[in-house]
Structure formats: C-alpha cells, structure tokens
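Participant: Fold the following.
(chains A and B)
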Amino acid sequence: SQQGEEDPQALSIQEGENATMNCSYKTSINNLQWYRQNSGRGLVHLILIRSNEREKHSGRLRVTLDTSKKSSSLLITASRAADTASYFCATAENSGYSTLTFGKGTMLLVSP
Amino acid sequence: GAVVSQHPSWVICKSGTSVKIECRSLDFQATTMFWYRQFPKQSLMLMATSNEGSKATYEQGVEKDKFLINHASLTLSTLTVTSAHPEDSSFYICSAPAGPDQPQHFGDGTRLSIL
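Facilitator: Numbering: from 1, shown residues only, chains lettered A, B, ... in the order given. Reported below is the predicted structural model:
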C-alpha cells in the first residue's frame, strides 16, 4: 500500500532557483530513500537517510528527516534544466532486504 | 557502481501471448529482487519480491498464476506475464538492493503494450 505522500504533486521553477519537495509517511521506518525518475526510465537512487539521522547532503541535494512528524524533505539547490524529472520518496519499514513503499511523487519542471 | 539490466525495454504483442521480462544484476549478486508496476503519471506499485532459490512473495491482489516469477540464480530474476490482455499493458520495473539496508538499483523498465 502507498504510504508516502509527496507535495507538491507538481513544481515548476526557473533554472537557478531552489526546489523543495516534501514527503510524509505513516508507519515507523528503518530508513527513507529519495529517487529520481526521468520520463519512461527506471529510478535512480539519490539519498538514503536512516531513522537515526536528521539531515544528509549530497552535492546540490539536501535531505532532512523528522521522525516525530513522520516527514522528510528534499531540497535541490541551484536547479538546472537537467533536474527536470519525477522525484519519489520511499520508506523501508524493516532492516535488511526490506520492501519499499513509494510515495506518489513530485513532477519537477525546471525551465531554462 | 551497481547496475541492473532489464530486457526487453519495449514489447508489443497480441492478446493471449505470454511475455517474459528479464532482470539481471550485472556486478553484484542479488538474493532478493523486486518487481513493480507503474501506470502513467503514477507511482510504483510493488507486485512481488523475488527470492533466489525459493518462491516469490506476492503482494495482495497480484495474481500468482498471472505473473510468474522465477529467480533461478543470484543474478537473474524473470517475470512472465501469462496470457497477457490489454489491461496488463503497463510499465514494469525491477530492482535489486546491492546489500542489506542498501538502496535499490533499478532496471530501465519494460513498457508492455498488449493489442
């Protein structure tokens, strides 16, 4: 069943601006992951944040996790047209080889 | 980095045909692989967990006899859509974690169109 809910569902910005996407979930988790999907392609892993972590960075990406609010955010700074894609959060409830429950995703459009 | 290869990328076939989709981990062994289905502009829905050397675990509502999964080796899982009908048309994606508590690596997906 779908657990994560991202907002906004769609986001349109100009190059150079920052993009923030939010994700909420319902159950306790082991970790939360963010993925990117270009149209008609598979998913690419961006960042994994564990339940005992609060913030993680990778290049222009910054992910936060608030387990008390069961929410996470993905910030893309200085966006580029090539960042145009759909972004999904996914939660792993268990450790080990856990299944992932994906949110509905945010479609990001970055205009030149 | 870890790579998952999925074939074919696109299949168009007649109703009643069975279609096999392969998912291979190219540079790591995957005891567990996952199969998802995705409708246009929607999220991924987990169909089943493929376990090497044992039966797959199907999600509620997924027909086992319709979607046959075989995970015969540590690098290959296959999904066979049996007697496919137009309502089976969708985008099917496989994934495999490189290890426990690791992110999943996804294939590029298979777009299945049943006429």
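
Participant: contacting residues for B:Arg111?
Facilitator: B:Arg111 makes contact with A:40, B:9-11, B:91 under the criterion C-beta atoms under 8 Å, 6 or more residues apart in numbering or on different chains. To be clear about C-beta, it is placed using only N, CA and C from the backbone, and glycine gets the same treatment.

Participant: Sheet partners, orientation included, of the strand or helix carrying it?
Facilitator: Element membership of B:Arg111, judged by DSSP states H and E, is strand B:110-114. Using DSSP bridges, the strands paired with strand B:110-114 in its sheet are strand B:10-13 (parallel), strand B:90-97 (antiparallel).

Participant: Does stretch A:25-37 reach chain B?
Facilitator: Yes - with C-beta under 8 Å from any C-beta of the partner chain as the measure, stretch A:25-37 is seen reaching chain B through A:30-31, A:33, A:35.

Participant: about what we covered before: can you turn the buried part of the contacts of B:Arg111 into a ChimeraX selection?
Facilitator: Selection command for ChimeraX covering only the buried members of these, criterion 16 or more other C-beta atoms under 10 Å in any protein chain shown:
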select /B:11,91
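
Participant: mind putting the contacts of B:Arg111 in a markdown table, distance to A:Thr77 included?
Facilitator: Rendered in a markdown table, the data for these read as follows (distance: C-beta to C-beta, whole Å):
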| residue | distance to A:Thr77 |
| --- | --- |
| A:Gly40 | 27 |
| B:Ser9 | 33 |
| B:Trp10 | 36 |
| B:Val11 | 40 |
| B:Phe91 | 30 |
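
Participant: Just list whatever residues bridge to the most centrally placed residue in chain B.
Facilitator: Per C-alpha atoms, centre = their mean, the C-alpha nearest to the average position across chain B is that of B:Trp35, at 3.7 Å. Each beta-bridge partner of B:Trp35 is listed here, defined by DSSP bridges: B:Ala48, B:Cys94.

Participant: Just confirm it contacts B:Met45, I think it does.
Facilitator: No - taking C-beta atoms under 8 Å as the contact criterion, B:Trp35 and B:Met45 are not neighbours in contact, 9.9 Å apart.

Participant: interface residues of chain B facing chain A?
Facilitator: For chain B, the residues in contact with chain A under the definition C-beta under 8 Å from any C-beta are B:4, B:6, B:31-32, B:34, B:41-46, B:49, B:91, B:93, B:95, B:97, B:100-109, B:111.

Participant: Drop anything exposed from these.
Facilitator: When burial is judged by neighbour count using 16+ other C-beta under 10 Å, the buried members of these are B:4, B:6, B:31-32, B:34, B:43-46, B:49, B:91, B:93, B:95, B:97, B:102-109, B:111.

Participant: picking that back up, take the residues of stretch A:25-37 next to chain B and lay them out in TSV including secondary structure, pLDDT and distance to A:Tyr87.
Facilitator: Compiled in TSV, the residues of stretch A:25-37 next to chain B are given as follows (DSSP: H, G, I helix; E, B strand; the rest coil; pLDDT from 0 to 100; distance: C-beta to C-beta, whole Å):
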residue	secondary structure	pLDDT	distance to A:Tyr87
A:Asn30	coil	95	21
A:Asn31	strand	96	17
A:Gln33	strand	96	11
A:Tyr35	strand	97	7
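
Participant: which one of these has the most neighbours?
Facilitator: For the residues of stretch A:25-37 next to chain B, counting by other C-beta atoms under 10 Å in any protein chain shown, the largest number of neighbours falls to A:Tyr35: 26 neighbours.

Participant: Now for the residue nearest to that one when sequence neighbours are not counted, how many residues are close by?
Facilitator: Counting by C-beta to C-beta, 6 or more residues apart in numbering or on different chains, A:Leu43 is the residue found nearest to A:Tyr35 once chain neighbours are left out, at 4.1 Å. Counted with other C-beta under 10 Å, the burial measure for A:Leu43 works out to 30 neighbours.
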